[in-house]
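Provide a 3D model corresponding to the input given below.
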Amino acid sequence: MKAQARFSITTKTPELLSDIYQSLLPETNESISDRSVISLSLEKEGLVLEIQSSDIISLRSALNTWLRLIQTAYDVASASY
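Take a look at the predicted model:
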């Protein structure tokens, strides 16, 4: 793997963060591309998204996809808080 990124995402409540994590967890079971490996975990510092890719183009594509998924999950989950 030649390109990688790591994001730590926080929210106003741990429950909201947990809801986002739980809603996205099934998406990690299927690979969108064979050029990127996605890791999603819930840690002390927040929701951690790690992406390792074979090249910068696939990293950008995976980042666009996953950051959009996280934003959508946040928008839906935060409506109930």
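
does Phe7 count as helix, strand or coil?
strand (DSSP: H, G, I helix; E, B strand; the rest coil).

which residues touch the residue nearest to it when sequence neighbours are not counted?
Using C-beta to C-beta, 6 or more residues apart in numbering and skipping residues adjacent in sequence, the residue nearest Phe7 is Leu49, 4.6 Å away. Backbone N, C-alpha and C define where each C-beta goes, glycine included. Counting by C-beta atoms under 8 Å, 6 or more residues apart in numbering, Leu49 touches 5-7, 9, 38-40, 66-67, 70.

between these, which has the most around it?
Neighbour tally across the contacts of Leu49 (other C-beta atoms under 10 Å): the maximum, 22 neighbours, falls on Trp66.

and the gap between that one and Tyr81?
Relative to Tyr81, Trp66 is positioned 22 Å away (C-beta to C-beta, to the nearest Å).

What is the nearest of the contacts of Leu49 to Ile56?
Nearest to Ile56 out of the contacts of Leu49 is Ala5 (C-beta to C-beta; 10.2 Å).

what are the bridge partners for the closest one, then?
For Ala5, the beta-bridge partners under DSSP bridges are Ile51.

Now do the SS call for the residue nearest to Phe7.
Three-state call for Leu49 (three-state DSSP): strand.

I'd like the distance between it and Leu42.
For Leu49 relative to Leu42 (C-beta to C-beta), the value is 11 Å.

likewise Ala5?
Ala5 is 18 Å from Leu42, where distance means C-beta to C-beta.

residues contacting Ile20?
Going by C-beta under 8 Å, 6+ apart, Ile20 touches 9, 11, 47, 70, 73-74, 77.

Which ones among those lie within strands?
Judged by DSSP state E, strands contain the following of those: 9, 47.

Of the contacts of Ile20, just say which sits nearest to Asn29.
Ala73 (15.8 Å).

thought the closest one was touching Ser23?
Yes - with contact defined as C-beta atoms under 8 Å, Ala73 counts as touching Ser23 (4.7 Å).
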